[in-house]
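Trainee: please find the sequence and the predicted model below.
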Amino acid sequence: MAEAPARRDLRPAERPRPQRLLHGLLRRLPLIGTLVGLGLGVWLVTTNDLAAIGAAFGRIGVAGLAAIVGVRAVIVLLCGLAWASVLAGIPPSGRTRTAAESAEPPVETGAFVILRFVREGVNVLLPVASVGGEVVGGRLLTFWGVAGSLAAASLLADMLIQVATQVAFTGLGAALLWRLPGEAAAALAWWTTQAAAVAVAAVAAFFALQTLGAARGLERRLAGLGRRFLRSAAPEGAKPEGGAASILSVQEALDAVWVRGRRGRIAQSVALHAVAWGLGAAEIWIVLACIGVEVSLTEVLVLESLSQAIKSAAFAVPSGLGVQEGGFVVVGALFGLDAGTAIALSLAKRVPDVVLGLPSLIVWQILEAKRTQVLAPR
């Protein structure tokens, strides 16, 4: 009797231990960042005068807090319009430019605005890295009939424009810092200039990745992830419109976004993001005016640009917990702001995160529950 063939081990080979450790660390990075940020924030609050922080925050008042919530709403609105500009004129289905383009209704601008609020809410309120909201936003955008490749491309382009305009805003803050007297200002200006130079190189590399075809290799590696978060999000019952050959890949979608004929749309998006970054300084001016601190335009621009740069650098810490407060303490000291006032300023800027973020998370869950009603199956 012949021996039965040995059963093949169908279990996938285990990854090397260093790779497993790195994978586990990356999965837990948002949680680690949250704990570190909370610890830093608690340390900053408890090691300073709690009474002074409370008194400064109390002087802002309900009217002051309502004003900065209004400003933040305008900022997110502008960012949503900037995102809409990225895809304006491109057929939502992802098909190549044919006669179908004129037959396909464009995605309403309001959808991009709503989803931009959702992106913001996820990023500032949930223990995820600062790109978690972008993953959710891309998934939800497909509920409006946008192909997964186009949703991903729009997010990559929107993030690039947002980062590029922030780097420019940080450069403005560094330039204003160089004009201030004192060694502390000069030292901070030097470090900010060096960081901005590195950021410019990173933005250039990110742009090259999107425009020179390098995204094809990345797309192949992320195909499984894209199917999970984007393609599987299509409304139930929806039918594909055309064969696979008519659907854009992510690289082809990026090519469609950055084509020369769309420079006006891209310029509009850049301008909207630039205005949004500048409006952040209005929040600082409102808070400090309510507290009773007189500040100049230069001071609020430096405070906003550098604090946002510090917060973005600590992207692994959700919403920059603790990092934002520390940034205001360090930069505010250049203008004579005591630590209590600086921390109260940071806490006030977190009020819009909660007031606008919580309803956005609710909207997210409503969209998930009623996704078949967002876009009727075609």
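Mentor: Nice, thanks for sending it over. Please read these numbers as outputs of a predicted model, since none were measured by experiment. Numbering: from 1, shown residues only.
Trainee: pLDDT weak spots in the chain?
Mentor: Low-confidence segments of the chain (pLDDT under 70): 1-34, 37, 94-103, 128-131, 213-248, 372-378.
Trainee: for residue 157, give its distance to residue 182.
Mentor: Distance, residue 157 to residue 182, using CB to CB, to the nearest Å: 40 Å. For glycine as for every other residue, the C-beta is placed from the backbone atoms N, C-alpha and C.
Trainee: again, but for residue 114
Mentor: Per CB to CB, residue 114 is found 46 Å from residue 182.
Trainee: in stretch 132-149, what counts as buried?
Mentor: Across stretch 132-149, burial judged by 16 or more other CB atoms under 10 Å covers 132-149.
Trainee: in helices, which of those residues fall?
Mentor: Using DSSP state H to define helices, the subset of the buried residues of stretch 132-149 located there is 132-141, 148-149.
Trainee: ok, those residues vs residue 199, which is closest?
Mentor: residue 134 (18.5 Å; CB to CB).
Trainee: quick check, the closest one in contact with residue 162.
Mentor: No. Counting by CB atoms under 8 Å, residue 162 is not a contact partner of residue 134; they are 10.0 Å apart.
Trainee: run through who's touching stretch 278-296.
Mentor: 56, 59-61, 63-64, 67-68, 71-72, 74-75, 78, 169, 297, 300-301, 303-305, 308, 335, 337, 341, 344-345, 348-349, 352 (CB atoms under 8 Å, 6 or more residues apart in numbering).
Trainee: filter those residues to the buried ones?
Mentor: Taking 16+ other CB under 10 Å as the criterion, what is buried in the contacts of stretch 278-296 is 56, 60, 64, 67-68, 71-72, 75, 78, 169, 300-301, 303-305, 308, 335, 337, 341, 344-345, 348-349, 352.
Trainee: neighbour count winner among residue 114 and residue 182?
Mentor: For residue 114 versus residue 182, neighbours defined as other CB atoms under 10 Å are more numerous around residue 114 (18 against 9).
Trainee: now what about the host helix or strand of that one, what contacts it?
Mentor: Using DSSP states H and E, the element containing residue 114 is helix 109-125. Helix 109-125 has contacts (CB under 8 Å, 6+ apart) with 76-77, 79-81, 83-84, 87, 128, 130-134, 136-137, 140-141, 144, 318-319, 353-354, 356-361, 363-364, 367.
Trainee: among those, which are in helices?
Mentor: Of those, the ones assigned to helices by DSSP H are 76-77, 79-81, 83-84, 87, 132-134, 136-137, 140-141, 353-354, 356-361, 363-364, 367.
Trainee: in PyMOL, select just the buried ones from those.
Mentor: Under the burial definition 16+ other CB under 10 Å, those of the ones in helices among the contacts of helix 109-125 that qualify are selected in PyMOL by:
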select buried, resi 76+79+80+81+83+84+87+132+133+134+136+137+140+141+353+356+357+360+361+363+364+367
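Trainee: how far out from the middle of the chain is the helix holding residue 114?
Mentor: The chain centroid and the centroid of helix 109-125 are separated by 10 Å under CA atoms, centre = their mean, to the nearest Å.
Trainee: and it with helix 132-141, angle?
Mentor: Per axes from the mean of the first three to the mean of the last three CA atoms, to 10 degrees, the angle that helix 109-125 makes with helix 132-141 is 150 degrees.
Trainee: can you start the count at 713 instead of 1 from here on
Mentor: Let's use 713 as the start, then, which means that last one is helix 821-837.
Trainee: kindly export helix 821-837 (C-alpha atoms) in PDB.
Mentor: C-alpha atoms of helix 821-837 as PDB (Å, rounded to 0.1, in the frame of the first residue of the first chain):
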ATOM      1  CA  THR A 821     -19.500  70.600  -3.800                       C
ATOM      2  CA  GLY A 822     -21.500  70.200  -0.500                       C
ATOM      3  CA  ALA A 823     -20.400  66.600  -0.400                       C
ATOM      4  CA  PHE A 824     -16.700  67.600  -0.200                       C
ATOM      5  CA  VAL A 825     -17.500  70.100   2.500                       C
ATOM      6  CA  ILE A 826     -19.400  67.600   4.600                       C
ATOM      7  CA  LEU A 827     -16.700  65.000   4.200                       C
ATOM      8  CA  ARG A 828     -14.000  67.600   5.000                       C
ATOM      9  CA  PHE A 829     -15.700  68.100   8.300                       C
ATOM     10  CA  VAL A 830     -15.700  64.400   8.900                       C
ATOM     11  CA  ARG A 831     -12.000  64.100   8.000                       C
ATOM     12  CA  GLU A 832     -11.300  66.800  10.500                       C
ATOM     13  CA  GLY A 833     -13.400  65.200  13.200                       C
ATOM     14  CA  VAL A 834     -11.700  61.800  12.800                       C
ATOM     15  CA  ASN A 835      -8.300  63.400  13.000                       C
ATOM     16  CA  VAL A 836      -8.800  65.500  16.100                       C
ATOM     17  CA  LEU A 837     -11.100  63.300  18.200                       C
END
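Trainee: what about residue 986, is that helix, strand or coil?
Mentor: helix (DSSP: H, G, I helix; E, B strand; the rest coil).
Trainee: packing partners of the strand or helix carrying residue 867?
Mentor: Taking DSSP H and E as the definition, one finds residue 867 inside helix 860-890. Counting contacts by 3 or more CB pairs under 8 Å, 6 or more residues apart in numbering; DSSP states H and E, helix 860-890 packs against helix 762-799, helix 844-853, helix 895-923, helix 935-941, helix 962-970, helix 975-1003, helix 1009-1025.
Trainee: out of these, which comes closest to residue 748?
Mentor: Closest to residue 748 of these, according to CB to CB: helix 1009-1025, at 13.8 Å.
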